[in-house]
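Undergrad: Take this sequence and fold it.
(chains A and B)
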Protein chains: 2
Amino acid sequence: MKIAVIGSTGHTGYVLKGLRGQADAELVGIAPGSVGEDIEVLYEYALKQGLAPRKFEQYRDMLDQVKPDVVAVACYFNDHAAVAVEVLSRGIHLFVEKPVATTLQDLEKVKAAHEKSGAQLAAMFGIRYSSWFLTVQRLIQEGRIGEIRMMNAQKSYRLGERSELYRRRETYGGTIPWVGSHAIDWMYSLCGESFVSVFASHSTRANRGHGELETTGLCHFTFTNEVFGSVNIDYLRPQQAPTHADDRIRIAGSNGVLEVVNNQVLLINGDADGIQHAPLLSAQESFTDFLQQVRGSSSCLVTAEQSFTVTEACLRARMSADKGRVVYF
Amino acid sequence: MKIAVIGSTGHTGYVLKGLRGQADAELVGIAPGSVGEDIEVLYEYALKQGLAPRKFEQYRDMLDQVKPDVVAVACYFNDHAAVAVEVLSRGIHLFVEKPVATTLQDLEKVKAAHEKSGAQLAAMFGIRYSSWFLTVQRLIQEGRIGEIRMMNAQKSYRLGERSELYRRRETYGGTIPWVGSHAIDWMYSLCGESFVSVFASHSTRANRGHGELETTGLCHFTFTNEVFGSVNIDYLRPQQAPTHADDRIRIAGSNGVLEVVNNQVLLINGDADGIQHAPLLSAQESFTDFLQQVRGSSSCLVTAEQSFTVTEACLRARMSADKGRVVYF
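TA: The predicted structure follows:
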């Protein structure tokens, strides 16, 4: 399999890590996906990993010349959709940074191109392959907390000093889609329900000169079967914090409560008294999983449907926050 | 000061505890506040504490005969308002269970009676006197996290087996007002902002035969200055959990993050690297604090304005959840 990467802005690390040990897969090319995007660091990193991709100025030239089987796209966020359409229109399998698009119109274009192409697609929801997420998913599948009734997730990041990309809605897409998408994906993929509505708020206050970047976001989702889910998102994690991110989720079920804090999984249910520390499953690699699906040997944990639906949920939440009203799915 | 108690359903323990060491205050009477309310257990408990109240069948008789200076009301939740009005109309100071009323119409009646009476009033927001709350309040006042930007609170209780009172909206008032009111009060009293709107959801699913009792509730408040606050409320805490309640709050500010878990206060800010465990202030007694205000020697931590505004916020949140729309203040 010939693999190519377009862009070096998002989580391209997933691709290089995911290629390890994949004897039939070769990184054949790297190209920028957005005007002004610098791919030099990624290229040097690939060389250090013992890979030998060709460098291209224009991704279309790369697609035409090396004819990759699989392309990973991780350019400026507002260009994900256009590049995705270009890749899919050539029938190439697509591993694409989330959110898949930064507008609902662009999302529709990607969905149409995907349907027409028959190609495989998965978004880079890499946290789904973490030990804690896989463990939580397994415990829920085993019925350890009964039926899910309410979920409360958190994404908290250090702000640091971010590039111009993050400071303009047009290129960044917003904090709910960029940061919140992970947590929205956790809830959606875990609960097995459909989205009904979202009410959300966000604010740029206290963003330390980061223009249009929203520092806080709060989303309230209702799902089918009266399941509710909240996500609180912020860039207010102090520099003094022990880690960059403080990801959490608490899931209250009819027969137990599951919680993730500091990458540990805590469980309270009828199996034992008190709070149990669940043994963690091993982490997996998202791109490796996607390649397995391309080979036809298994189904990718992140489906195309989830990639699209979660992107849509993010964009509807952003719309709700912009307009201050409930948005329905 | 002559003290009387009407009702034995809510947090009457605050009153008996708060009387300790108050040499000038005497418990003179106890009466039911609702039809069918049994005050025997409370009466026996008072005797064991060395108190000698008279027992009355009718609280109006008690008010007329013993002419108390201060009355605590904690009867069936839907009767708080009517009893409060009766107490206030006699110019008696009122320490009343939260929510102050279970309908907005009743709340207006209490507010009008309070205004006319000139009497002191505080609702039983007892958690405000806990070590952790007093500590959080102090740290915020000292500017240790800068300006508050977002708050996420939790109230999670064991359900157990609850009486008929809890199983009918008419008598219970709903889970958002009964359980959620605490967390809504924390947020409101800490942030110093005004309520702008609320979107909320609740569900009776998985309530194990508890009729109309909502098992889950989720509220999304917007405050002035683009401050947001969520409360997730549930009765899904398993019996195996180490404690009855799992109260939490996380407050993200422009210069730090404060968090309460397991009654401990965690702080991340510029004062030190990593997560600091804040030294806890001593807990206080809510009723003692109210008596001090009645004596004129200090201001009660819980103001009448807060008691009314938080009750209103609970009832507007419940309305939002019932109707599925944003409710404005």
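
Undergrad: where along chain A do the helices fall?
TA: When assigned using DSSP state H, the helices of chain A occupy the ranges A:13-19, A:40-48, A:59-66, A:80-89, A:104-117, A:131-141, A:169-172, A:175, A:181-191, A:286-295, A:304-323.

Undergrad: Looking at those helices, which is nearest to residue B:269?
TA: Across the helices of chain A, residue B:269 has its closest neighbour in helix A:175 (21.7 Å, CB to CB). Where you see a C-beta, it was placed from the backbone N, CA and C, and this is true even at glycine.

Undergrad: contact partners of the closest one?
TA: Contacts of helix A:175 with the rest of the structure, by CB atoms under 8 Å, 6 or more residues apart in numbering or on different chains, involve A:202, A:213-217, A:233, A:235.

Undergrad: Make a markdown table from those residues and add pLDDT, neighbour count and distance to residue B:45 to it.
TA: What follows is the contacts of helix A:175, written out as a markdown table (pLDDT from 0 to 100; neighbours: other CB atoms under 10 Å in any protein chain shown; distance: CB to CB, whole Å):
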| residue | pLDDT | neighbour count | distance to residue B:45 |
| --- | --- | --- | --- |
| A:202 | 98 | 26 | 50 |
| A:213 | 98 | 22 | 57 |
| A:214 | 98 | 26 | 52 |
| A:215 | 98 | 23 | 50 |
| A:216 | 98 | 24 | 46 |
| A:217 | 98 | 27 | 48 |
| A:233 | 98 | 30 | 47 |
| A:235 | 98 | 25 | 51 |
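
Undergrad: hmm, stretch A:217-229 touching chain B?
TA: Yes. Under the criterion of CB under 8 Å from any CB of the partner chain, stretch A:217-229 makes contact with chain B via A:218, A:220, A:222, A:225-229.

Undergrad: ok, back up a step: most tightly packed of the helices of chain A?
TA: helix A:175 (a mean of 28; mean count of other CB atoms under 10 Å in any protein chain shown).

Undergrad: For the residues of stretch A:217-229 next to chain B, pick the one with the most neighbours.
TA: When neighbours are taken as other CB atoms under 10 Å in any protein chain shown, the top entry among the residues of stretch A:217-229 next to chain B is residue A:229 (29 neighbours).

Undergrad: Output the helices of chain A in a markdown table; the columns should cover mean pLDDT.
TA: Formatted as a markdown table, the helices of chain A follow (pLDDT from 0 to 100):
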| stretch | mean pLDDT |
| --- | --- |
| helix A:13-19 | 94 |
| helix A:40-48 | 96 |
| helix A:59-66 | 98 |
| helix A:80-89 | 98 |
| helix A:104-117 | 98 |
| helix A:131-141 | 98 |
| helix A:169-172 | 97 |
| helix A:175 | 98 |
| helix A:181-191 | 98 |
| helix A:286-295 | 98 |
| helix A:304-323 | 98 |
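
Undergrad: In a markdown table: those, plus distance to residue B:187.
TA: Below are the helices of chain A laid out as a markdown table (distance: least, CB to CB, whole Å):
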| stretch | distance to residue B:187 |
| --- | --- |
| helix A:13-19 | 38 |
| helix A:40-48 | 43 |
| helix A:59-66 | 48 |
| helix A:80-89 | 37 |
| helix A:104-117 | 33 |
| helix A:131-141 | 28 |
| helix A:169-172 | 28 |
| helix A:175 | 21 |
| helix A:181-191 | 21 |
| helix A:286-295 | 37 |
| helix A:304-323 | 19 |
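
Undergrad: quick one on the thing from earlier: quick check: the two most widely separated of the residues of stretch A:217-229 next to chain B?
TA: It's A:218 and A:225 that sit farthest apart of these, by CB to CB, at 22.7 Å.

Undergrad: Between the two ends of stretch A:220-240, what distance do you get?
TA: Stretch A:220-240 has an end-to-end distance of 29 Å (criterion: CA to CA, to the nearest Å).

Undergrad: Looking at the contacts of helix A:175, which one is closest to chain B?
TA: residue A:216 (4.6 Å; CB to the nearest CB).

Undergrad: Specify the beta-bridge partners of that closest one.
TA: residue A:203, residue A:234 (DSSP bridges).

Undergrad: correct me, but it touches residue B:254?
TA: No. Using CB atoms under 8 Å, residue A:216 makes no contact with residue B:254, being 10.2 Å away.

Undergrad: Quickly list what's touching both of the two.
TA: Joint contacts of residue A:216 and residue B:254 (CB under 8 Å, 6+ apart) are A:205, A:236, B:149.

Undergrad: could you redo those residues as a markdown table and give each row distance to residue B:320, neighbour count and pLDDT?
TA: Below are those laid out as a markdown table (distance: CB to CB, whole Å; neighbours: other CB atoms under 10 Å in any protein chain shown; pLDDT from 0 to 100):
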| residue | distance to residue B:320 | neighbour count | pLDDT |
| --- | --- | --- | --- |
| A:205 | 24 | 15 | 98 |
| A:236 | 27 | 26 | 98 |
| B:149 | 23 | 25 | 98 |
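
Undergrad: Tally up the residues packed near the residue lying closest to residue A:92 once chain neighbours are set aside, please.
TA: Distances taken as CB to CB, 6 or more residues apart in numbering or on different chains place residue A:71 nearest to residue A:92, at 5.2 Å, with adjacent residues excluded. Using other CB under 10 Å, residue A:71 has 30 neighbouring residues.

Undergrad: Relative to residue B:225, how far out is residue A:203?
TA: Using CB to CB, to the nearest Å, residue A:203 is found at 9 Å from residue B:225.

Undergrad: Could you pull up the residues touching the closest residue in space to residue A:279 that isn't next to it in sequence?
TA: Closest residue in space to residue A:279, ignoring its immediate chain neighbours: residue A:135 at 7.6 Å, by CB to CB, 6+ apart. Shown in contact with residue A:135 (CB under 8 Å, 6+ apart): A:265, A:278-281.

Undergrad: So which bits of the stretch 201-329 of chain A are right by chain B?
TA: Proximity of the stretch 201-329 of chain A to chain B, by CB under 8 Å from any CB, involves residues A:201, A:203, A:205-206, A:215-216, A:218, A:220, A:222, A:225-230, A:232, A:234, A:236-238, A:240-242, A:250, A:252-257, A:268-270, A:272-275, A:324-326.

Undergrad: List only those of those residues flagged as buried.
TA: With burial judged by 16 or more other CB atoms under 10 Å in any protein chain shown, the buried subset of those is A:201, A:203, A:206, A:215-216, A:218, A:220, A:222, A:226-230, A:232, A:234, A:236-238, A:240-241, A:250, A:252-253, A:256-257, A:268-269, A:326.

Undergrad: Just the terminal-to-terminal distance for stretch A:280-290.
TA: 22 Å.

Undergrad: Can you pull up the most central residue in chain A?
TA: Chain A has residue A:125 as the residue nearest its centroid, 3.2 Å off, counting by CA atoms, centre = their mean.

Undergrad: isn't that residue right next to residue A:182, touching?
TA: Yes. Residue A:125 is in contact with residue A:182 according to CB under 8 Å; the separation is 6.6 Å.

Undergrad: overlap in contacts of the two?
TA: residue A:98.

Undergrad: Residue A:12 - nearest residue in space that isn't next to it in sequence?
TA: residue A:74 (5.0 Å).

Undergrad: Let me see the contact set for that neighbour.
TA: With CB under 8 Å, 6+ apart, residue A:74 has these contacts: A:5-12, A:15, A:33, A:80, A:96-97, A:124.
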